[in-house]
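Student: this is a predicted model, with the sequence first.
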Amino acid sequence: MATRGPVTAAARRTSNNSALTAASWRLRLAQRHSFPEAPTFREQGIDFMDDVDAWYAVLGPAQMAPELVARLNADVNAVMALPAVQENLLRQGLIPATSTPQELGALVKSDLQRWAKVIAEAKITAD
């Protein structure tokens, strides 16, 4: 069975007798307690699937006022720190994490470069 992400895998696993055969995150983490039995692709000798993971973020317009960015970041970080929010995300196989706007910008840039290279090398097109 293939799924599009940990949330989908969690829903499928609780609805039938599906088994998660591999996970694309880099390390088998105790924090991902909803999938402790799932070996990583790397553990199974498949290293090209290393660290393929999804992340979610709150984004705004490029020229958003810095004070608004700071306030939204602080508010989102406060919500993410709530125990109920963290537990809910962990149950879905997600690792609660926060960052600064600068760290998020670096992640977006890094992922854009990473996947642009994969797309170019594989000659992937939209049609």
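Tutor: Right, received. Where do you want to start? Residues are numbered from 1 along each chain as shown.
Student: C-alpha from now on. contacts and neighbour counts both.
Tutor: Noted.
Student: show me which positions of the helix ranked longest in the chain end up buried.
Tutor: Ranked by number of residues, the top helix in the chain under DSSP state H is helix 101-121. The neighbour-count check on helix 101-121 (16 or more other Cα atoms under 10 Å) flags residue 101 as buried.
Student: who are the packing partners of it?
Tutor: In terms of contacts (3 or more Cα pairs under 8 Å, 6 or more residues apart in numbering; DSSP states H and E), helix 101-121 is packed against helix 66-80.
Student: avg pLDDT for the helix it packs on?
Tutor: The predicted model assigns helix 66-80 a mean pLDDT of 96.
Student: for it, give me every contacting residue.
Tutor: When contacts are defined by Cα atoms under 8 Å, 6 or more residues apart in numbering, helix 66-80 is touched by residues 85-86, 96-101.
Student: mind redoing it with 6 Å?
Tutor: Residues from elsewhere that reach helix 66-80 (Cα atoms under 6 Å, 6 or more residues apart in numbering): none.
Student: which positions in that helix come out as buried?
Tutor: Using 16+ other Cα under 10 Å as the test for burial, helix 66-80 gives 69, 72-73, 80.
Student: would you turn the residues you listed into TSV with distance to residue 42?
Tutor: Output for the buried residues of helix 66-80, formatted as TSV (distance: Cα to Cα, whole Å):
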residue	distance to residue 42
69	37
72	37
73	34
80	30
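Student: now the angle from the longest helix of the chain to helix 66-80?
Tutor: For helix 101-121 against helix 66-80, the angle by axes from the mean of the first three to the mean of the last three Cα atoms, to 10 degrees is 90 degrees.
Student: now do helix 101-121: distance to the chain's middle.
Tutor: From the chain centre to the centre of helix 101-121 is a distance of 14 Å (Cα atoms, centre = their mean, to the nearest Å).
Student: circling back: nearest to residue 61, of the buried residues of helix 66-80?
Tutor: residue 69 (9.9 Å; Cα to Cα).
Student: and residue 40, its phi and psi?
Tutor: Note on residue 40: backbone dihedrals following degrees, to the nearest 10 are phi -80, psi 160.
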